[in-house]
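Enquirer: no FASTA, just this:
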């Protein structure tokens with residue numbers, strides 16, 4: 001199973017972005033989501049932002065991932 005995680009874009013430099021995932025910073029590419037901008041939430045998978053999502057979807061997905069982690 002592949003999982004994409006919600007990440008907040010905190011820095012942009014061309015198609016390179018720095019994202020925050022629950023306090024952890026990672027580098028990712030927004031090559032596949034050129035509409036993404038600073039402050040947007042994206043779904044990140046394998047080093048790429050694959051879709052821009054809204055705050056509500058980000059919160060719901062984070063909550064589900066935390067629930068899965070707590071029961072696993």
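Expert: Here it is on my side, so go on. If you're wondering where the values come from, they're calculated on a predicted model, not measured in any experiment.
Enquirer: Okay, buried residues for the strand ranked longest in the chain please.
Expert: Using DSSP state E, we find that the single longest strand of the chain is strand 5-13. If you call a residue buried by 16 or more other CB atoms under 10 Å, then strand 5-13 has these buried ones: 5-9, 12. Any C-beta I mention is one placed from the backbone N, CA and C, and that applies to glycine too.
Enquirer: would you list every one of the strands in this structure?
Expert: Counting by DSSP E, the strands of the chain are 5-13, 16-21, 24-29, 41-45, 48-53.
Enquirer: list the contacts for residue 6?
Expert: With contact taken as CB atoms under 8 Å, 6 or more residues apart in numbering, residue 6 is in contact with 21, 41-44, 53, 57-58, 61-62.
Enquirer: For those residues, work out which two are farthest apart.
Expert: For the contacts of residue 6, with distances taken as CB to CB, the pair at the greatest spread is 21 and 57 (14.8 Å).
Enquirer: if I look at the nearest residue to residue 18 once chain neighbours are set aside, how far off is residue 45?
Expert: Nearest non-adjacent residue to residue 18, counting by CB to CB, 6 or more residues apart in numbering: residue 11, 3.9 Å away. For residue 11, the distance to residue 45 (CB to CB, to the nearest Å) stands at 19 Å.
Enquirer: Next one: residue 15 from residue 27, what distance?
Expert: 11 Å.
Enquirer: higher neighbour count, the two?
Expert: Counted by other CB atoms under 10 Å, residue 15 and residue 27 do not tie: residue 15 has more neighbours, with 15 against 11.
Enquirer: mind listing what the closest residue to residue 41 other than its chain neighbours touches?
Expert: Leaving aside its chain neighbours, residue 41 sits nearest to residue 58 (4.0 Å; criterion: CB to CB, 6+ apart). Residue 58 is in contact with 6, 8, 41, counting by CB under 8 Å, 6+ apart.
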